[in-house]
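[1] model the structure of this input:
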Amino acid sequence: MRELQFLQDQGVNPFLIQGVEEFRRQYAVADEVKTRIVAPSIPFYGREVLEMAIAALLEGENLLLTGSKATGKNVLAENLAFMFGRPSYNVSFHVNTNSGDLIGTDTFRNNEVELRKGSIYQCAQYGGFGILDEINMAKNDAVSVLHASLDYRRTIDVPGYDKIDLHGAARFIGTMNYGYAGTKDLNEALVSRFLVIDMPGQSEETLEFVFKNMFPGLKDEALKQWIGLFLDLQQKAANGEISTKALDLRGMIAALKTIQCGLSPALAVQMGVVNKCFDIFEKEIVQDVVTTRIPEAWTSGEFF
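    Got it, this is the predicted structure:
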């Protein structure tokens, strides 16, 4: 199956790949939500993490992906939804998220009051994969409405309407970063309803996989320096020399796109990395790291 080829390429357990294929055959997707099956921009690289995630989802468990910035939590969640062939429902949590945002609220339509279904309700109804982004930014009383849907009961009680049972294919994947403004520790009762994967940091191998897949025309020397730049920043962030603001894989990918269309690498890396820092001293440290890796004289021809 073409959607699962990247699993075979990484040597994922064939038994697990077979389980995903059987899952896809067992659960059909309703026509009205097929547009929600979205191919990820890049495949996720990491055999052990993939095997843990697949095994958990095949057994009907929900996942919580934790770890520092730029470890690929959202990329993994998107890849899992696509490889299982399920519509995805993204919920970005924030401090004002309430139960109505998740389950639904009353609305007036056709001269009568009816329920405007929220993302979690639709996910349960159609057997989707609910991606609960930054779940530790929401108040505990908001996510407490998920408790019955995340444990053995697999139901949602909609006040004033009815109780619905989750579709057999429905799964929930939560993501959370440590130390972001507005985050907090998750309620113990909520965490107990997930299997937790602590996402490892990026390595030279994983970064090479990402950049080569997205930019096959990237030259070897430029690739080496670009990977080295990310790893240098990752090390300085781990040592507490800088914050994680400049450690932005999305920003580095976006910068490569601008270089690909002809922009000077020095200007591209300013936008994608250096200018993510707003503290003048931190910006100087990041600029020094950038200068050692990406000479100002380089042109886009050195990259592509």
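
[2] can you tell me the centre-most residue of this structure?
    Asn74 (0.3 Å; Cα atoms, centre = their mean).

[3] for Gly262, give its distance to Asn98.
    Applying Cβ to Cβ, to the nearest Å, the value for Gly262 to Asn98 is 47 Å. C-beta here means a position set from N, CA and C on the backbone, and glycine is covered the same way.

[4] one more: Ala237?
    Taking Cβ to Cβ, one finds Ala237 at 34 Å from Asn98.

[5] neighbour-wise, which of the two wins?
    When neighbours are counted by other Cβ atoms under 10 Å, Ala237 and Asn98 differ, and Ala237 comes out ahead with 19 against 13.

[6] what about that one, which helix or strand?
    Following DSSP states H and E, one finds Ala237 within helix 220-238.

[7] so which elements touch that helix?
    Judged by 3 or more Cβ pairs under 8 Å, 6 or more residues apart in numbering; DSSP states H and E, helix 220-238 is in contact with helix 204-214, helix 249-260, helix 280-293.

[8] quick one: that helix to helix 280-293, angle?
    Relative orientation of helix 220-238 and helix 280-293, computed by axes from the mean of the first three to the mean of the last three Cα atoms, to 10 degrees: 150 degrees.

[9] distance check, the closest residue to Ile227 other than its chain neighbours against Phe129.
    Of all residues not flanking Ile227 in the chain, Leu207 sits nearest, at 4.6 Å (Cβ to Cβ, 6 or more residues apart in numbering). From Leu207 across to Phe129, the span is 26 Å (Cβ to Cβ).

[10] over to Leu146?
    14 Å.

[11] these two: who's more crowded?
    Between Leu146 and Phe129, counted using other Cβ under 10 Å, the more crowded position is Phe129 (27 against 24).

[12] so that one sits against Gly85, correct?
    No: the criterion here is Cβ atoms under 8 Å, and Phe129 misses it with Gly85 at 9.8 Å.

[13] quick one: contacts for Phe93?
    Leu132, Asp133, Glu134, Ile135, Asn136, Met137, Ala138, Ala142, Val143 (Cβ atoms under 8 Å, 6 or more residues apart in numbering).

[14] can you tell me which two in the residues you listed are farthest apart?
    Largest separation among the contacts of Phe93 by Cβ to Cβ: Asp133 and Ala142, giving 13.8 Å.

[15] for this structure, which spans come out with low pLDDT?
    Low-confidence segments of the chain (pLDDT under 70): 1, 104-109, 111, 113-115, 140-141, 159-161, 178-184.

[16] what does Val273 show for phi and psi?
    Phi and psi for Val273, reported as degrees, to the nearest 10, are phi -130, psi -60.

[17] I'd say it and Val286 touch.
    Yes: taking Cβ under 8 Å as the definition, Val273 is a contact partner of Val286 at 6.5 Å.

[18] could you say which of the helices and strands packed on helix 220-238 is packed most deeply?
    Most buried of those by mean neighbour count (mean count of other Cβ atoms under 10 Å) is helix 249-260; its value is a mean of 19.

[19] list the helices and strands the next helix or strand after it packs on?
    Next along the chain after helix 249-260, taking DSSP H and E as the criterion, comes helix 265-272. On a contact count with 3+ Cβ pairs under 8 Å, 6+ apart, helix 265-272 meets helix 249-260.

[20] centre of the chain to the helix it packs on, how far?
    18 Å (Cα atoms, centre = their mean, to the nearest Å).

[21] contacts for it next, please.
    Under the contact criterion Cβ under 8 Å, 6+ apart, helix 249-260 has outside partners 70, 72, 202, 210-211, 214-215, 217-218, 226, 229-230, 265, 267-269, 271-273, 276, 300, 303-304.
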